[in-house]
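In: whatever this is, show me its structure:
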Amino acid sequence: MVAVRPAAPLVPAHALPKPAPKERDVHDLPDLSSSRSHREPILYLPPRLSSLPLPSPPVDPTSEHLYTPVRLPTLDPASLSLHKALHQFRPVTEAYASTPYPEAFNWDQLELDEDVEREWYIVAFRSERRIGSDGEGLYEADRLAHEEAIRNGGLVMYWYGVPNDKAQNLATCIWQSRAQARRANSGPDHIKAVRLAGQAYEHYDLERYVLRKVKGERGVHVEEFTGGEVGWA
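Out: Numbering: from 1, shown residues only. Model prediction:
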C-alpha cells in the first residue's frame, strides 16, 4: 500500500514574502517631480550608449572623442574614465548636509587611469526647507531644470541627498566645464527653479569646487574654486 503524503497547506497571498524592490539603475533619469520622500540618496550618471538627439553631426570614426547620449554631444576619454569611477560614488557620513564638501564623499576611493590629466567643475547646493512650504511646484521645476541641463550638455554626474531631521540637504553635480554649467544655469527652466527656491527654502547656498586628476596618479582631488575657467567641453 502506498502512503499518501498530506497536501501542504495553502499560504494566503498576503502572507507570501514580498520580492525585494528592484534597485534603481543609476543611468535612469530620476523622478524629481514629486514631493514623495526618498529614503536613499539619488545618484544619476547620464548614460553613454543611447542615440544622439536630432539633428546631430555625422560621427567621425577618426575622432578622439566618443559620441554619447548625454547630449554633450562628445565625452572625452578622461571624462569617460571619471564616469566609470563615479559608479562607486557615495557619501561617507549621514551628516553630509553639514559636513565640509571634500570630507562628505568617498573621493579617496575613486580611481581613474593613470595617464588621465584633467579638471572638472563641481557645484554643491546646500539647503534648508522652509517649514510649511508647498514643494510641489519646486519639484516640478527641478525636474524640468534637470532635463534642460542634460539637453544643454556637459553634465557628468548628479547626486541628491535625503533631508535630515532639520530639513537640511545637499545636492551636487559635476560638469565637464564651468562654461557648460553656466550655460545650463542661464536656461529658462533653471531660472524658474531658482525663483521658486527662494520661496521654498529658509536659506540655501551654492559652493563651487574643482575636481582635479593629475597624470601619473590614480586618485582625484577636490579643491576650492578660486575663479577662471575650469575644464573644457
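In: Ile122: what's it in contact with?
Out: For Ile122, the contact set (Cβ atoms under 8 Å, 6 or more residues apart in numbering) comprises 101, 172-175, 208-211, 222, 225. The C-beta positions use only the backbone N, C-alpha and C, and glycine is treated the same way.
In: pLDDT and neighbour count added to those residues, as JSON lines?
Out: Shown next, in JSON lines, are the contacts of Ile122 (pLDDT from 0 to 100; neighbours: other Cβ atoms under 10 Å):
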{"residue": "Tyr101", "pLDDT": "98", "neighbour count": "18"}
{"residue": "Thr172", "pLDDT": "96", "neighbour count": "21"}
{"residue": "Cys173", "pLDDT": "94", "neighbour count": "21"}
{"residue": "Ile174", "pLDDT": "96", "neighbour count": "24"}
{"residue": "Trp175", "pLDDT": "94", "neighbour count": "26"}
{"residue": "Arg208", "pLDDT": "98", "neighbour count": "16"}
{"residue": "Tyr209", "pLDDT": "98", "neighbour count": "20"}
{"residue": "Val210", "pLDDT": "98", "neighbour count": "18"}
{"residue": "Leu211", "pLDDT": "98", "neighbour count": "22"}
{"residue": "Val222", "pLDDT": "98", "neighbour count": "17"}
{"residue": "Phe225", "pLDDT": "98", "neighbour count": "14"}
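In: would a markdown table of these with secondary structure and distance to Lys166 be doable?
Out: Shown next, in a markdown table, are the contacts of Ile122 (DSSP: H, G, I helix; E, B strand; the rest coil; distance: Cβ to Cβ, whole Å):
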| residue | secondary structure | distance to Lys166 |
| --- | --- | --- |
| Tyr101 | helix | 18 |
| Thr172 | strand | 19 |
| Cys173 | strand | 23 |
| Ile174 | strand | 26 |
| Trp175 | strand | 29 |
| Arg208 | strand | 24 |
| Tyr209 | strand | 24 |
| Val210 | strand | 29 |
| Leu211 | strand | 28 |
| Val222 | strand | 25 |
| Phe225 | coil | 27 |
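In: helix, strand or coil for Ala197?
Out: Following DSSP: H, G, I helix; E, B strand; the rest coil, we place Ala197 in the helix state.
In: about what we covered before: farthest pair within the contacts of Ile122?
Out: Tyr101 and Trp175 (15.2 Å; Cβ to Cβ).
In: one step back: out of the contacts of Ile122, which is nearest to Gly161?
Out: Relative to Gly161, and with distances defined as Cβ to Cβ, the nearest of the contacts of Ile122 is Thr172, at 8.5 Å.
In: could you double-check that the closest one sits in contact with Trp159?
Out: Yes: applying Cβ atoms under 8 Å, one finds Thr172 in contact with Trp159, separated by 5.1 Å.
In: could you look up the SS state of Asp142?
Out: Asp142 ends up helix, using three-state DSSP.
In: any idea of the pLDDT on it?
Out: Asp142 carries a pLDDT score of 76 in this model.
In: so how many other residues sit close to it?
Out: 22 (other Cβ atoms under 10 Å).
In: roughly how far does it sit from His190?
Out: 10 Å (Cβ to Cβ, to the nearest Å).
In: now Ala197, nearest residue through space, not along the chain?
Out: Closest residue in space to Ala197, ignoring its immediate chain neighbours: Tyr204 at 6.1 Å, by Cβ to Cβ, 6 or more residues apart in numbering.
In: these two touch, right, the one you found and Ser127?
Out: Yes: with contacts counted by Cβ under 8 Å, Tyr204 reaches Ser127, the gap being 4.1 Å.
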